[in-house]
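Participant: Here is my input; please provide its structure:
(chains A, B, C and D)
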There are 4 protein chains.
Amino acid sequence: MLNEGDLVLLWSPHKGDSYLLSLKSGAFQGTRTGTIPHDSVAEASYGGVVTTGKGQLFYVLRPTSGEFMRRIRRQTQIIYPKDAGLLLLYLDIFPGARVLECGTGSGSLTSLLGHFVGESGRVYSYDRREEFSLIARDNCRRWGVEERVTFRIGEAVDGFEERDVDALVLDLPSPWEALDAAHAALAPGRRLAALVPTTNQLERLIDGLNEGAFVDIQVLETFLRTYRTNARRIRPDDTMIGHTGYLVIATAVLARGGSGEGEGADEGDGA
Amino acid sequence: MLNEGDLVLLWSPHKGDSYLLSLKSGAFQGTRTGTIPHDSVAEASYGGVVTTGKGQLFYVLRPTSGEFMRRIRRQTQIIYPKDAGLLLLYLDIFPGARVLECGTGSGSLTSLLGHFVGESGRVYSYDRREEFSLIARDNCRRWGVEERVTFRIGEAVDGFEERDVDALVLDLPSPWEALDAAHAALAPGRRLAALVPTTNQLERLIDGLNEGAFVDIQVLETFLRTYRTNARRIRPDDTMIGHTGYLVIATAVLARGGSGEGEGADEGDGA
Amino acid sequence: MLNEGDLVLLWSPHKGDSYLLSLKSGAFQGTRTGTIPHDSVAEASYGGVVTTGKGQLFYVLRPTSGEFMRRIRRQTQIIYPKDAGLLLLYLDIFPGARVLECGTGSGSLTSLLGHFVGESGRVYSYDRREEFSLIARDNCRRWGVEERVTFRIGEAVDGFEERDVDALVLDLPSPWEALDAAHAALAPGRRLAALVPTTNQLERLIDGLNEGAFVDIQVLETFLRTYRTNARRIRPDDTMIGHTGYLVIATAVLARGGSGEGEGADEGDGA
Amino acid sequence: MLNEGDLVLLWSPHKGDSYLLSLKSGAFQGTRTGTIPHDSVAEASYGGVVTTGKGQLFYVLRPTSGEFMRRIRRQTQIIYPKDAGLLLLYLDIFPGARVLECGTGSGSLTSLLGHFVGESGRVYSYDRREEFSLIARDNCRRWGVEERVTFRIGEAVDGFEERDVDALVLDLPSPWEALDAAHAALAPGRRLAALVPTTNQLERLIDGLNEGAFVDIQVLETFLRTYRTNARRIRPDDTMIGHTGYLVIATAVLARGGSGEGEGADEGDGA
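Facilitator: So this is what the prediction gives:
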């Protein structure tokens, strides 16, 4: 028996129809083949089954953080699971970490960071647009991590309040303008990440990182390919996401070393 | 000032040379240009700099879980960060989760799961080969998560001791043989993952999942592309990993629904 | 000044609107912003400009074989330029070659093969469905290569009439059923290609090739990523084709050699 | 029975060992398991078999243009079949075409263009370094297309001698410096292609094309994934080429149209 507020993913084998809901006694979920009472879902419990009036069967599943990210109410570009998963490993997120995010947006990454830092961690999320902060707060509440996030209204150029954070994400159109503030906030030896969609931004950001006290600059792209799972006709799906952005990772150090150590200076890779 | 046992990534701008070490007073790290005393590293502290006898500069960085996975002492195929990151989101790992892994191997995924479930979580890791269990335990100790892991010697065909686990990973050549045991151990509505390298295994696994009480079967492939970061010559690296495996995700339910609901049955995707 | 029947690609910088047409005196091309007389196009000639009533500018370009393939009138799945280009090199198409195709379909590959074998070459194209043969013939006529193609109504199981062809393409759902006929038609040391969408087909085809007198079996997949070309915002397009098919290439030999030479027998690539 | 000068690909099922040779009576091909007399190869003929002293079996196959490109004697970066195949379709190469190439290099693309323009076509290939021209000429001779190529020593800045060519390829580090010369040589409505490895070059080239009388600018990247073909363990190869270059295609027109038609001006694709 599930409880008020529990999150549920209703998933149907028919075309993979699915819905994400927070249980509310007396409420109904609409589907293309009729409504489903939340009370029936609560009774079926996780792993169980409910059926619409027209007989469409839905399984009661637990939603994952990845599912939640993809279905978030949004007004801005969101970060995809394929990029977010990599970011967890390359930024070194851990339970208990203090993480700063600049560019709250709709809060898809905010809620994910809140998920992975756990109850003992903390996310500080900045956005200069208060309306986004409200949407993001609401999304974090749905995912049950609102208490782990401090929302701040503000811009990187004014600096961040925090110091010695364990990881920092810049989700901004001009992340190179935020590098001084980011360096001041990061613990030495810790990493920042930025996701930029164009090669023009990529070049400016790399220039900025090379001018600041950042080392081990990495640029990553990820591709995710999904498959059809009819056992007699296994094949990749016809279309895939071709681009989300270039994921840039760099590590803050106290100071750049002596001259002549230019990143990649040894490489001769011209045409 | 760093302490005995602290993990450090020494990273040099010269060709990206790097070393992962646990600090030990009086010890030395060898490099291609001379040795570095651990005591100097401890004194430099995170974000600082040390230099070899021949003048090569190394930054003292904090290693990430992703770096650790890639550098683990191994005797078996390891899981790559690109796949592991996605698995965290699609399996729904969270701080406090109880996760079962079958196929400990060298413990690269074990240590990562231990990292993300945190102090309040638990990883149960099975392998039938005791020698791997020992290597894996040692790797988990290095990453500081040994206390979160229960290592078990055993095979899936004999069943798992745990019940109602929050997530389950099968890292085995024949994961279809472990599906009954996996279903018995998983909490209803929760997910299992398996990584298989060949299309032949993929087909057998999908067949097995369709015969069991599993739904929402997903097959994913990820690609990671890395870049050279010389700001005047930004370009992807010449080579990349072309294949690690097919990541298969499925969700356990109490029972499969009525007949005729076959996964993907609506799709007409023949040649 | 262009002539009756000349092929033209009208391309507009406004959203990349474009139309492919065969010039016909007195005819008009409709667009979203008004009609354009073919006579104006003929007068503007290649490299010139025409304008619609509402002022939308169109350049008069020469269509390429790649453009033609993508825009062909079709009733079946077509082969994409990314696969066709590779096939030209791996099958060894050349001016003067005699090429056999089984599975005419809408003739997109037929017209391309006709294009590259030139006036001195010949394409023999089989389909069991006469209606496709007619569409394909019409498409080849538009591209000006109809004279180079012999269309045949028939199935692979009945064998092919030709012998010693320089290359052979199987574009069929069950290409493994056509391998005997293909081997009989191919010149020794020459190659066949097949494009299959599913892993299940791939396995059956590889089994069939291994049983027949074919060697140097290759399986290829191609991906094509396109970019937005606004010079200030260069970036890959948001979506891309995720799958067209597995391109399988094999070479006909007089007979398979002694036992124990099994393809890939040296490889140990299990999980 | 094969003849003096015939090209042969010797291919062994053992690890895919292979050798490309021009038959020469009395000569021997060395292998890891002993030598093979060319005369035996000639006698076995295409599709036949020869064996080394230690019993390794080799099939006598016809080499393809793709194989030839990959095995060419080189002193410079070569163009890969995956890119070359696409280029044939997007540049609109055809039997009889007159094609200009600037940047002969080792002649891998030169020989391929010679292959596809056929006896009635012509390739004009420029390089400012005479030593490359000699290597390229030798490679074209091996592939039997030397008679179709005019090698010229010279640079793009001095202009090209040809006019109204059907296609033009710039394989240069700074292709933007060659755009005026390229435009003067191209027939109106025809296409040029350039392959550049870095995003920095890509941006300069797109800027240059936008300033000149070029339209329909396209940027393409291709990926090729190869598979292991053991029928019981079908899987992609572990590694793949991660980058060769950005393939840029543009079409020459008589003049750019009115102001405000900026390429991609309608797109809003900022971060």
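Participant: gap between the lowest-mean-pLDDT helix or strand in chain A and the chain center?
Facilitator: Across the helices and strands of chain A, mean confidence by mean pLDDT, DSSP states H and E is lowest for helix A:65-71: a mean of 86. Remark: helix A:65-71 is offset 9 Å from the chain centroid, using C-alpha atoms, centre = their mean, to the nearest Å.
Participant: wait, does it contact chain C?
Facilitator: No: against chain C, helix A:65-71 shows no contacts by C-beta under 8 Å from any C-beta of the partner chain, the least distance being 15.3 Å. To be clear about C-beta, it is placed using only N, CA and C from the backbone, and glycine gets the same treatment.
Participant: for that helix, packing partners?
Facilitator: Contacts defined by 3 or more C-beta pairs under 8 Å, 6 or more residues apart in numbering or on different chains; DSSP states H and E place helix A:65-71 against strand A:18-22, helix A:81-90, helix A:108-117, helix A:130-143, helix B:81-90.
Participant: burial of A:C140, as a residue count?
Facilitator: 27 (other C-beta atoms under 10 Å in any protein chain shown).
Participant: So it sits against A:L113, correct?
Facilitator: No: with contact defined as C-beta atoms under 8 Å, A:C140 does not reach A:L113; the gap is 9.7 Å.
Participant: now do the same end-to-end measure for stretch A:204-222.
Facilitator: 21 Å (C-alpha to C-alpha, to the nearest Å).
Participant: Say whether chain B is contacted by that stretch.
Facilitator: Yes: shown here: stretch A:204-222 in contact with chain B (C-beta under 8 Å from any C-beta) through A:206-207, A:210, A:215-222.
Participant: Could you pull out the buried residues of that stretch?
Facilitator: The neighbour-count criterion (16 or more other C-beta atoms under 10 Å in any protein chain shown) identifies A:204-206, A:208-210, A:212-222 as the buried residues of stretch A:204-222.
Participant: Would you format the residues of stretch A:204-222 next to chain B as a markdown table with distance to chain C included?
Facilitator: Shown next, in a markdown table, are those (distance: C-beta to the nearest C-beta, whole Å):
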| residue | distance to chain C |
| --- | --- |
| A:I206 | 15 |
| A:D207 | 16 |
| A:N210 | 20 |
| A:V215 | 27 |
| A:D216 | 25 |
| A:I217 | 20 |
| A:Q218 | 19 |
| A:V219 | 14 |
| A:L220 | 14 |
| A:E221 | 9 |
| A:T222 | 12 |
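Participant: closest to C:T33 among those residues?
Facilitator: The shortest approach to C:T33 among the residues of stretch A:204-222 next to chain B belongs to A:E221, at 37.6 Å (C-beta to C-beta).
Participant: Leaving out sequence neighbours, find the closest residue to the closest one.
Facilitator: Spatially, and ignoring its direct neighbours in sequence, A:E221 is nearest to B:R225 (4.3 Å; C-beta to C-beta, 6 or more residues apart in numbering or on different chains).
Participant: Pull the contacting residues for the one you found.
Facilitator: A:220-223, B:236-237, B:240, D:242-243 (C-beta atoms under 8 Å, 6 or more residues apart in numbering or on different chains).
Participant: change it to 6 Å
Facilitator: Contacts for B:R225 (C-beta atoms under 6 Å, 6 or more residues apart in numbering or on different chains) come out as A:221, B:236, B:240, D:242.
Participant: How about the contacts made by the nearest residue to the third one once chain neighbours are set aside?
Facilitator: This points to B:M240. Spatial nearest neighbour of B:M240, chain neighbours left out: D:G242 (3.3 Å); criterion: C-beta to C-beta, 6+ apart. The neighbours of D:G242, taking C-beta under 6 Å, 6+ apart as the test, are B:225, B:236-240.
Participant: Please repeat the previous calculation with a cut-off of 10 Å.
Facilitator: A:221, B:223-227, B:235-242, D:223 (C-beta atoms under 10 Å, 6 or more residues apart in numbering or on different chains).
Participant: hang on, the earlier thing: take the buried residues of stretch A:204-222 and keep only those in helices.
Facilitator: A:204-206, A:208-210 (DSSP state H).
Participant: Please produce JSON lines containing those, extended by pLDDT.
Facilitator: Shown next, in JSON lines, are those (pLDDT from 0 to 100):
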{"residue": "A:R204", "pLDDT": "97"}
{"residue": "A:L205", "pLDDT": "97"}
{"residue": "A:I206", "pLDDT": "97"}
{"residue": "A:G208", "pLDDT": "97"}
{"residue": "A:L209", "pLDDT": "97"}
{"residue": "A:N210", "pLDDT": "94"}
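Participant: out of those residues, who's nearest C:A84?
Facilitator: A:I206 (37.0 Å).
Participant: Tell me, how many residues neighbour the nearest residue to that closest one once chain neighbours are set aside?
Facilitator: Once flanking residues are discounted, A:I206 sits nearest to B:A231: 4.6 Å by C-beta to C-beta, 6+ apart. The number of residues packed near B:A231 is 20, by other C-beta under 10 Å.
Participant: quick one: A:E161 from A:N139, how far?
Facilitator: 23 Å (C-beta to C-beta, to the nearest Å).
Participant: out of the two, which sits in the more crowded spot?
Facilitator: A side-by-side neighbour count of A:E161 and A:N139, using other C-beta under 10 Å, places A:N139 first with 25 against 12.
Participant: is it true that that one touches A:V145?
Facilitator: Yes: using C-beta atoms under 10 Å, A:N139 is in contact with A:V145, at 9.4 Å.
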